[in-house]
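>>> 3D model of this:
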Amino acid sequence: MSSTEESIEVMHRPSVQSSELADLRKALMAFSPNVDFREHDPGPQANVDWALPAALAIYVSAPLVRSFLSTLGSEAAEATIGAFSSAHRRINGRSKWLQAGGRVRRGPVISVALADAC
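Okay, the predicted model is just below:
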């Protein structure tokens, strides 16, 4: 994704079904028609404490952040915040990781990053 392209890329673990993210997709499309959702399995190398990806990773192009911030308080922004909260409740606990000593813990649920910073 180029830094000037106004797009959003959403990667989710196989344990999260696309249908569970339908309201999030709809909300994000209010900010860009270029929203791409795809399944991503980070594999066993992600089972270290510092490298564990979230169950849902969202990469947003920098121009869209300014657009979103300028619409805070609007119906579109409120719908997006509500969709994030709803998605968080539905997929909470889907990202698990093995900590040293064999203890299984919950991993991060949602991460959001600027695409330019990746």
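>>> got any ranges where this structure has weak pLDDT?
Counting by pLDDT under 70, the chain shows low-confidence ranges at 1-5, 43-52, 116-118.
>>> going along the chain, name the helices of it.
Remark: helices of the chain, listed N- to C-terminal, are 22-28, 62-70, 75-91; assignment by DSSP state H.
>>> right, so the ones you listed: which one is the most enclosed?
Stretch with highest mean neighbour count among those: helix 22-28 (a mean of 19; mean count of other Cβ atoms under 10 Å). Where you see a C-beta, it was placed from the backbone N, CA and C, and this is true even at glycine.
>>> what does that helix contact?
Contact partners of helix 22-28, identified using Cβ atoms under 8 Å, 6 or more residues apart in numbering, comprise Ile8, Val10, Val35, Phe37, Ala76, Ala79, Thr80, Gly82, Ala83, Phe84, Ser86, Ala87.
>>> chain neighbours aside, what residue packs nearest to the fourth one?
Right, the one you point to is Phe37. In space, and not counting its chain neighbours, Phe37 is closest to Val10: 4.6 Å by Cβ to Cβ, 6 or more residues apart in numbering.
>>> what does the first one give?
Spatial nearest neighbour of Ile8, excluding adjacent residues (Cβ to Cβ, 6+ apart): Val35 at 4.7 Å.
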